[in-house]
Structures are given as C-alpha cells and as structure tokens.
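1. Okay, sequence plus prediction incoming.
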Amino acid sequence: MSTPRLSRRGLLGGGVAAAGVAGAFVAGRASADDAQAAVAASYAFRGEHQAGIVTPAQDRLHFAAFDLLTTDRDEVVALLQDWTAAAERMTRGDGAGEVGPVDGDPLLPPDDTGEAIGLPPARLTITFGFGPTFFDKLDLADRRPKALRRLPHFPADVLVEEISDGDLCVQACADDPQVAVHAVRNLARIAFGRAAVRWSQLGFGRTSSTSTTQDTPRNLFGFKDGTANLKAEQPELVDTHVWVGADDDPAAGWLAGGSYLVARRIAMTIELWDRQPLADQEQFVGRTKGAGAPLGGDKEFDEPDFDAVTGLAPTIPVDSHVRLVHPSFHGGAQMLRRGYNFVDGSTPLGALNAGLFFIAYVRDPDTHFIPIQNAMAKSDAMMEYLKVNGSALFVVPPGIAAGEYVGQSLFA
Ligand SMILES: C=CC1=C(C)c2cc3[nH]c(cc4nc(cc5[nH]c(cc1n2)c(C)c5CCC(=O)O)C(CCC(=O)O)=C4C)c(C)c3C=C
Ligand SMILES: [Fe+2]
C-alpha cells in the first residue's frame, strides 16, 4: 500500500487555498485537522500496480467507459501517453496540462478546464482498463487475456446496452467529488477525436473498506458493507486473489501485476426493502444490521458459523447473501470489492433511482466472479430487491514505471 504524501495544487494559489483552510482549523478539533490533512494528501501515480485498487477506498467515484473512435494503434498509444501525463499531473494536484486553465494563449482553449482551481489533490487515484472490444478493434486478438470477454447474461440481469461494456475505462476516486469529476472530464476532453465517453457513473459513500485503517461503511440497505473484504494489509491474499501472475496466461504475460475489473450497476428497490421487518432484512443478508456480526455471532469480525442451527434451521439461512458468496463455497475464491452507493435522481413514480455501483478486482473472473455471481443470481434472497442494469469487464494493466505510459507492456 502506498502512503499518501502531503501535496499542494500548484495552480493559481491552490496551495495557498489549501494552507489557508488548514490554518482555519488551527484552533479547531484534531479531527478537523486530520480531515484537512487527508484531503490535502496525494497518492503516487506510478508503482508496481495501478493506484486505486488496494489504495484505501476514497469517499467519491466517477467511473467512465469510453468507446474508441479510431482503430489506428499509433493513435491509441498517443492517447494512452497523453492520458498518462495528465493523470499523473492531476493525481499530484496539478492541472491536466502543463500551462493551466488561465495562463495560456487567450485564442486557444485552455489545457485544463479550471473547476479544480484551488482544490487539493483529495487523494485522487486514476485507474485505467481495457475492455474485450479494445483488442478486437486494434487487431490485438493474439494478446487478449483469456478471461477477457463480455460477461455472461446472469439470471435477473436486465441490461441496458448504453450503460454496459466499453473499449476503455477510467476509475477516478477522490475524497472530493469535484476532483474526481474534473479528472474524468479532462481525460474525456483530451481523448477528443480518439475516444468518446460511452457511459459514466458517479458514486458516493464507498461500500467497501480496502484497508484495516478504515471503518466499515454502509450501503443503501443500511448494512455494513466491506467487513470481509480483502484488505491492503493482507498482501499474500491480494497476491493470490487480485494480481494476475506472470504464468497465468501465456498469451497475456504483459498483464502480470494487473487485474480484472468487474463493474455492475445494481439498482436497489430501497422503498420495498424499507418495508421489510428488521429480522427479515438480517436473514436476507445473513448479518445483523447494527453491529454487522454474522447471525449467531456478536461482533463484526466474528467468523460466520455456517453449521450452526437455530431450532431446525441453519442460523445463517441457506439463501442469505453472505452464505451464498462466501469463499468456503467457492473453492476459497476471494475478491477485492471497491463499490460505491449511487442515487441518480428519481423515477417518474417517485422512487429513488438508487443502488450500488459494484466494482471488484479479481485475478480471474472465471474462478473469482462468475460462479459467485451465478450463485447469487439464482438463490440469493436479496435478489428480490436488486436489478442489474449495467455490466462490464475490463483488464487493468500493471502499474506504470517511471517514463512509461499506461498499458505499455501490451504494445511492447
Ligand atoms: C458477485 C459478487 C457480489 C455482488 C454482485 C454483491 C452485491 C451486493 N452485496 C451487498 C451487500 C453485502 N455484501 C456483503 C458481503 C459480500 N458480498 C460479496 C459479493 C458480492 N456482493 C462477497 C464476496 C462478500 C463477502 C462474503 C464473505 O467473505 O463473508 C455484505 C456483508 C458485509 C461484508 O462482508 O462486506 C453485505 C451487507 C449488496 C447490497 C449488493 C448489491 C447491491
Ligand atoms: Fe455483497
């Protein structure tokens, strides 16, 4: 796990603004100082693995899928080089371009859009991925990773094509929504003529912790989510379950140190859920709503006992979520979940258009996601309150070394 470093936005006194706000907290509470320090912190963009995977999950998400507008490999490499330079700059709190939003030639469009002037880096991470169609369009079928294909249609999927799939993806996470949106907006601007946004999703209130330093957040069903997630402090488990190994795939040695990213836009009928008795909600999930303890246990991090019975029935019901997705029923397979809540306005009938934008990083979706999703879709009591309308699978290239651009090993 990389440690955040303190950084200041070098734009138009952005650093001054950050310091000024921090100054305002001098006489305040320690927690306010901590919060300010966290917002002013940044993560390294380059490293062995891309940032934004085991990085402690930030509060906000802007995720975008792009379609290529060119099949010319040189043009795509140039786009990846431009994206790499801009992403590195924005991650450390600078503008997307070298000149900045207001210092350039007044007769030309600025090389940064300006809405992040004065904002600190807010722990921004930008993570890039390639979809199956990326390899088709660029005639790279011989280098396509073996498990990279359109996800199957699962029971209860009601997929909308316009919010599914994509040639490329960008996951921008930050503690300030404007910083995350600024990142995606500028990458879309830079892509002009070479790639265009296919769909995008905003998220808030992370639904996972990816580090033991974080409290477990809650999803929109009101339950703690992320308790049994893989954590950055478990590097051996992360190596086993998240990073693609050098020998995993003869055609795709270039992906070693990378991962697969599963994205699922899951609508939650929260109004219906809210009318269910507390005891039923807990039976659907298999954990208590307050402490997040497995049923039959006391504390959040107690191990679930799937053999325990209450009366004649299993204490953790056979159709409960945590039982159906538990690694012990899937050959030990674990995933690193990194999802976010969303509320995209409301429906014409006055329901909230709410849900969970599920993101998981896995070493191989054929063993670490598809069987688990199938079990859930077929038997999970929670499914009555869920509708999956967006779905996508991407590979996430390994980390970016000094002087490299994202995905360089694919084109080597
Ligand atoms: C196919 C993978 C999964 C999907 C899709 C999914 C959707 C989903 N989950 C919740 C709520 C909770 N999930 C919890 C645990 C949990 N979920 C998955 C997988 C998927 N969830 C796994 C692998 C696990 C961990 C199981 C374990 O090892 O014990 C929990 C319990 C708390 C926790 O451990 O995180 C909740 C609550 C919702 C609401 C949802 C779709 C909207
Ligand atoms: Fe879950």
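-> Arrived safely. Ligands and ions are numbered 1, 2, ... in the order given.
2. Contact partners for the closest residue to residue 360 other than its chain neighbours?
-> Nearest non-adjacent residue to residue 360, counting by C-beta to C-beta, 6 or more residues apart in numbering: residue 335, 4.3 Å away. For glycine as for every other residue, the C-beta is placed from the backbone atoms N, C-alpha and C. Shown in contact with residue 335 (C-beta atoms under 8 Å, 6 or more residues apart in numbering): 230, 241, 242, 262, 360, 361, 362, 368, 369, 372.
3. Most neighbours among those residues, please name it.
-> Among the contacts of residue 335, residue 361 has the most neighbours (other C-beta atoms under 10 Å), with 30 neighbours.
4. neighbours around the closest residue to residue 175 other than its chain neighbours, how many?
-> In space, and not counting its chain neighbours, residue 175 is closest to residue 122: 4.5 Å by C-beta to C-beta, 6+ apart. Using other C-beta under 10 Å as the criterion, residue 122 is surrounded by 26 other residues.
5. So what's the residue count around the nearest residue to residue 255 once chain neighbours are set aside?
-> Distance criterion C-beta to C-beta, 6+ apart; nearest residue to residue 255, sequence neighbours excluded, is residue 244 at 4.8 Å. A count of neighbours around residue 244, defined by other C-beta under 10 Å, yields 25.
6. For residue 244, report the pLDDT, please.
-> pLDDT, residue 244: 98.
7. ok, which stretches of the stretch 201-350 of the chain are strands?
-> Along the stretch 201-350 of the chain, counting by DSSP state E, counting those that start in this stretch, strands occupy 259-268, 309-310, 313-314, 336-337, 340-346.
8. and residue 101, that's in a strand?
-> No. Residue 101: not assigned to a strand; according to DSSP: H, G, I helix; E, B strand; the rest coil it is coil.
9. going forward can the numbers begin at 82, since that is how I track them
-> Sure, I'll start numbering at 82, so the last one becomes residue 182.
10. Which residue is the nearest non-sequential neighbour of it?
-> What sits nearest to residue 182 in space, not counting adjacent residues and going by C-beta to C-beta, 6+ apart, is residue 195, at 3.6 Å.
11. which stretch of helix or strand covers the one you found?
-> Assigned by DSSP states H and E, residue 195 belongs to no helix or strand.
12. Tell me if I'm right that the residue nearest to residue 336 and residue 340 touch.
-> Yes. With contact defined as C-beta atoms under 8 Å, residue 325 reaches residue 340; the gap is 6.2 Å.
13. hey, what's in contact with both of the two?
-> Common contact partners of residue 325 and residue 340 (C-beta under 8 Å, 6+ apart): 444, 476.
14. what about the residue of the stretch 132-281 of the chain found nearest ligand 1, how many neighbours?
-> For the stretch 132-281 of the chain, the residue closest to ligand 1 is residue 235, as judged by C-beta to the nearest ligand atom, at 8.9 Å. Residue neighbour count, defined by other C-beta under 10 Å, stands at 16 for residue 235.
15. So what's the residue count around residue 468?
-> 15.
16. go on, residue 477?
-> Each residue near residue 477 was counted by other C-beta under 10 Å, and the total is 27.
17. Which pLDDT value belongs to residue 101?
-> pLDDT for residue 101: 26.
18. Give me the below-cutoff pLDDT ranges for the stretch 282-431 of the chain.
-> Nowhere does the stretch 282-431 of the chain drop to pLDDT under 70.
19. what sits against the nearest residue to residue 382 once chain neighbours are set aside?
-> Nearest non-adjacent residue to residue 382, counting by C-beta to C-beta, 6+ apart: residue 308, 6.8 Å away. Shown in contact with residue 308 (C-beta under 8 Å, 6+ apart): 297, 368, 373, 381, 382.
20. go with 10 Å
-> The contact partners of residue 308, by C-beta atoms under 10 Å, 6 or more residues apart in numbering, come to 289, 290, 297, 368, 372, 373, 374, 375, 381, 382, 383, 403.
21. same question, residue 219
-> Counting by C-beta under 10 Å, 6+ apart, residue 219 touches 149, 151-154, 156-158, 211, 225, 248, 491-492.
22. Now stretch 166-181: buried residues?
-> Under the neighbour-count criterion of 16 or more other C-beta atoms under 10 Å, stretch 166-181 has 167-178, 181 buried.
23. roughly how far is it from the heart of the chain?
-> 21 Å (C-alpha atoms, centre = their mean, to the nearest Å).
24. Quick one: closest of the strands of the stretch 282-431 of the chain to residue 191.
-> Among those, the nearest to residue 191 by C-beta to C-beta is strand 421-427 (29.7 Å).
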